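Asks: Mind folding the following:
(2 chains)
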2 protein chains.
Amino acid sequence: MTWRAEHDRVAILAGSGALPIQLATQLTTVGLQPYILRLPGVTEKPFENLDGQDLRWEQVGQIFPLCKEHSIGHIVLAGGVDGRPDLKFSQMDWPTLRTLPTILGQLLKGDDAVLGSVITVIEKRGLKVLGAADIAPSLVVDEGRFSGAPGTKDRNRIDLGFQLLDAMSPFDMGQACVVIGGRPVAVEGAEGTDAMLRRIMDLRDNGRLPLQRGGVMVKAPKAGQDHRVDMPTIGPETVSRAVAAGLDGIAVRAGATLILERETCIDIAQRGDLFLTGIAA
Amino acid sequence: MTWRAEHDRVAILAGSGALPIQLATQLTTVGLQPYILRLPGVTEKPFENLDGQDLRWEQVGQIFPLCKEHSIGHIVLAGGVDGRPDLKFSQMDWPTLRTLPTILGQLLKGDDAVLGSVITVIEKRGLKVLGAADIAPSLVVDEGRFSGAPGTKDRNRIDLGFQLLDAMSPFDMGQACVVIGGRPVAVEGAEGTDAMLRRIMDLRDNGRLPLQRGGVMVKAPKAGQDHRVDMPTIGPETVSRAVAAGLDGIAVRAGATLILERETCIDIAQRGDLFLTGIAA
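Replies: Residues are numbered from 1 along each chain as shown, chains lettered A, B, ... in the order given. Prediction:
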């Protein structure tokens, strides 16, 4: 975290979810006016009182002249993009066409490759890419317990979950799994964490899991993953769904996972009798 | 495959699905009358013209006196059991109580452990356990192509799928995964192969996968898996769902996977423009 807030203006390329909003709030709190690059159909919040610009995918190359025009030296890519963009070449402007071939060429290689190439392309054009954790370090999960405490069996399940995620790490799959009764029963794929937790509910409803309660969700970054573009994230929705799925707890990798709306997450976990813990590597 | 059909009478402990039916047919075809042990709520077919007995889970220990009474020396455990049995101790008879502690003690350790202990317990009581492949070797997938042919990109995806299943093998997860665009997007968990394929349909419907067509499903046994209790199996339902999920093909481990209703599977694959291939280890 070498970036200092006072250095210059920051643009937020805003995906979906609460993260871009929390980063904008953090920046305005320290007296900086972020420049919001909204992706219509992706970005949820209007960010009405903040300076910024709407960009279709086909105009993404406009990022560079826009940032130059507004004296922006740093950019953060925050929030999710569900599915890969359906790019319309016919609508693509010249700066985008010139910028995006590297990204497009790698689009089918896997998320890590794509995101890595996005950073490379952006930094070659003179903008520094920041991670959410650089701007708002308070969002990073620390080691320790936020709610409840895992028992010995829970600890074994958590260890097994981290081991499974490690084993799958080279394959660029999801970043989460669920261990119930000493055995992994779900691994996150392209559907995402929330849909995986929904699956646990369904497995319980239709009797394919033996117990109506118990088990842990484990979430961790892939080995070598660049924290600037895809740090594993949990938020109130994740915690609520884990409660609904009858889990005993959530364990995430400390120092390498973001938690959105921490107080709300802790409140939901406590009311749902769910432990929530950050575990060091 | 040291077992010879002429040796003695075979009991089929019949789970769900078509496999118990196909084995019963195979045995009657060679002039042997199988003895069908039905699990009410699990076994689908009535098997009305065949000798046999209904057994609740709480009566499973009755297998041994029943087999002795009917001069049965071999048993095959065939078909699926969805979810783990909800055992009622109060309804358990004495032979079951005496037999099942080992199994119950391992119930939460994972499918392989459970199934391994089932075999151990049964064979200690003097019954030999057979695999479906011992009785009907024609059900085992051979190396080679049944429908279509994978291209170079498909072959890379198949290799990646087998590598992922190998990496996950120690964790006793599912036996299948789907690779699309060079990246695994789904791993089978407790929900089973069919539900995993359903997920691919959903991911396409809601735009979380970039293409409406393409990708492969790969299925293989776990390392060290006992073929007598849990050989990976595909059938018409699997092939139909793979077609519906827009996949280009299915690759399974030759010599270690069962195919039910082979001709129907091939017909569905060909009409759905899906390759279907057995690949040697």
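
Asks: Could you check how far residue A:215 is from chain B?
Replies: 11 Å (Cβ to the nearest Cβ, to the nearest Å). C-betas here are computed from N, CA, C, even on glycine.

Asks: ok, and the closest non-adjacent residue to that residue?
Replies: The shortest distance from residue A:215 to any residue that is not its chain neighbour, by Cβ to Cβ, 6 or more residues apart in numbering or on different chains, is 3.3 Å, and that residue is residue A:180.

Asks: Give me the pLDDT for that neighbour.
Replies: Residue A:180 carries a pLDDT value of 93.

Asks: Also residue A:228?
Replies: Among the per-residue scores, residue A:228 shows a pLDDT of 82.

Asks: could you check the distance from the closest residue to it other than its chain neighbours over to chain B?
Replies: Distances taken as Cβ to Cβ, 6+ apart put residue A:131 closest to residue A:228, at 3.8 Å, once the chain neighbours are dropped. Counting by Cβ to the nearest Cβ, the gap between residue A:131 and chain B amounts to 23 Å.

Asks: re the thing from before, tell me the contacts of the residue nearest to residue A:215?
Replies: With contacts defined as Cβ atoms under 8 Å, 6 or more residues apart in numbering or on different chains, the neighbours of residue A:180 are A:157, A:200, A:209, A:211, A:214-216, B:190.

Asks: can I assume residue A:218 sits in a helix?
Replies: No - residue state for residue A:218 (DSSP: H, G, I helix; E, B strand; the rest coil) corresponds to strand; a helix is not indicated.

Asks: So it sits against residue A:161, correct?
Replies: Yes - counting by Cβ atoms under 8 Å, residue A:218 does reach residue A:161; the two are 2.9 Å apart.

Asks: Mutual contacts of those two, please.
Replies: Taking Cβ under 8 Å, 6+ apart as the criterion, residue A:218 and residue A:161 both touch A:177-179, A:251.

Asks: Now go through those and say which are in strands.
Replies: Counting by DSSP state E, the part of the shared contacts of residue A:218 and residue A:161 found in strands is A:177-179, A:251.

Asks: How about the contacts made by residue A:276?
Replies: Residue A:276 makes contact with A:145-148, A:239, A:249-250, A:265-266, A:269 under the criterion Cβ under 8 Å, 6+ apart.

Asks: ok, 10 Å please
Replies: Residue A:276 makes contacts with A:141, A:145-150, A:234, A:238-239, A:242, A:249-252, A:259, A:262, A:265-266, A:268-270, as judged by Cβ atoms under 10 Å, 6 or more residues apart in numbering or on different chains.

Asks: now do the same end-to-end measure for stretch A:241-258.
Replies: Stretch A:241-258 has an end-to-end distance of 17 Å (Cα to Cα, to the nearest Å).

Asks: downstream neighbour of the helix or strand containing residue A:24 in the secondary structure list?
Replies: Element membership of residue A:24, judged by DSSP states H and E, is helix A:19-29. On the C-terminal side of helix A:19-29, the closest following helix or strand by DSSP H and E is strand A:35-38.

Asks: Strand partners (parallel or antiparallel) of that following strand?
Replies: Strand A:35-38 has the following sheet partners, assigned by DSSP bridges: strand A:9-14 (parallel), strand A:52-54 (parallel).

Asks: send the alpha carbons of the first one over as CSV?
Replies: When you say that, I think you mean strand A:9-14. As requested, C-alpha coordinates have been extracted for strand A:9-14 and formatted as CSV (Å, rounded to 0.1, in the frame of the first residue of the first chain):
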residue,chain,number,x,y,z
ARG,A,9,-7.3,12.2,-8.1
VAL,A,10,-8.7,8.6,-8.4
ALA,A,11,-11.1,7.2,-10.9
ILE,A,12,-13.4,4.4,-9.9
LEU,A,13,-14.4,2.0,-12.8
ALA,A,14,-17.6,0.9,-11.1
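
Asks: any idea of the mean pLDDT in it?
Replies: Taken as a whole, strand A:9-14 has a mean pLDDT of 91.

Asks: Quick one: distance of that strand to the chain centre.
Replies: Between the centre of strand A:9-14 and the centre of its host chain there is 16 Å, according to Cα atoms, centre = their mean, to the nearest Å.

Asks: again with the shortest one
Replies: Remark: strand A:52-54 is offset 22 Å from the chain centroid, using Cα atoms, centre = their mean.

Asks: Ok, stretch A:238-251 next?
Replies: 18 Å.

Asks: Just the terminal-to-terminal distance for that stretch.
Replies: End-to-end distance for stretch A:238-251: 12 Å, by Cα to Cα.

Asks: close to chain B, is that stretch?
Replies: No - counting by Cβ under 10 Å from any Cβ of the partner chain, no contacts exist between stretch A:238-251 and chain B, the nearest distance being 12.5 Å.

Asks: ok so, going back, among the strands paired with strand A:35-38, which is nearest residue B:195?
Replies: Of all the strands paired with strand A:35-38, the one in closest proximity to residue B:195, counting by Cβ to Cβ, is strand A:9-14 (34.2 Å).

Asks: May I see the buried residues of the helix holding residue A:24?
Replies: Applying a neighbour-count criterion of 16 or more other Cβ atoms under 10 Å in any protein chain shown, the buried positions in helix A:19-29 are A:19-24, A:26-27.

Asks: Looks like residue A:191 contacts residue A:173 (just checking).
Replies: No - the criterion here is Cβ atoms under 10 Å, and residue A:191 misses it with residue A:173 at 11.1 Å.

Asks: of all the buried residues of helix A:19-29, which comes closest to chain B?
Replies: Distances from the buried residues of helix A:19-29 to chain B were compared by Cβ to the nearest Cβ; the smallest belongs to residue A:19, at 18.7 Å.

Asks: from memory residue A:28 sits against residue A:35, does it?
Replies: No - proximity of residue A:28 to residue A:35 does not meet the contact threshold set by Cβ under 10 Å, at 11.8 Å.

Asks: Quickly list what's touching both of those two.
Replies: Taking Cβ under 10 Å, 6+ apart as the contact criterion, the common neighbours of residue A:28 and residue A:35 are residue A:50.

Asks: mind listing what residue A:241 touches?
Replies: So, once contact is read as Cβ under 10 Å, 6+ apart, residue A:241 ends up touching A:193-198, A:200-201, A:217, A:247, A:268.

Asks: And it, what's its pLDDT?
Replies: 97.

Asks: Just confirm it is within a strand.
Replies: No - with three-state DSSP as the criterion, residue A:241 is helix rather than part of a strand.

Asks: Would you quantify the distance from it to residue A:261?
Replies: Computed with Cβ to Cβ, to the nearest Å, the distance linking residue A:241 and residue A:261 is 14 Å.

Asks: for residue A:122, same thing?
Replies: Where residue A:261 is concerned, residue A:122 sits at a distance of 28 Å (Cβ to Cβ).

Asks: who has more neighbours, residue A:191 and residue A:173?
Replies: Of the pair residue A:191 and residue A:173, residue A:173 is the one with more neighbours under other Cβ atoms under 10 Å in any protein chain shown, namely 25 against 20.

Asks: for the stretch 51-200 of chain A, what are the low-confidence residue spans?
Replies: Regions of the stretch 51-200 of chain A meeting the criterion pLDDT under 70 cover residues A:81-90, A:92-117.

Asks: quick one: the strands in it?
Replies: Per DSSP state E, counting those that start in this stretch, the stretch 51-200 of chain A carries strands over the ranges A:52-54, A:72-78, A:128-130, A:144-147, A:176-180, A:183-187.
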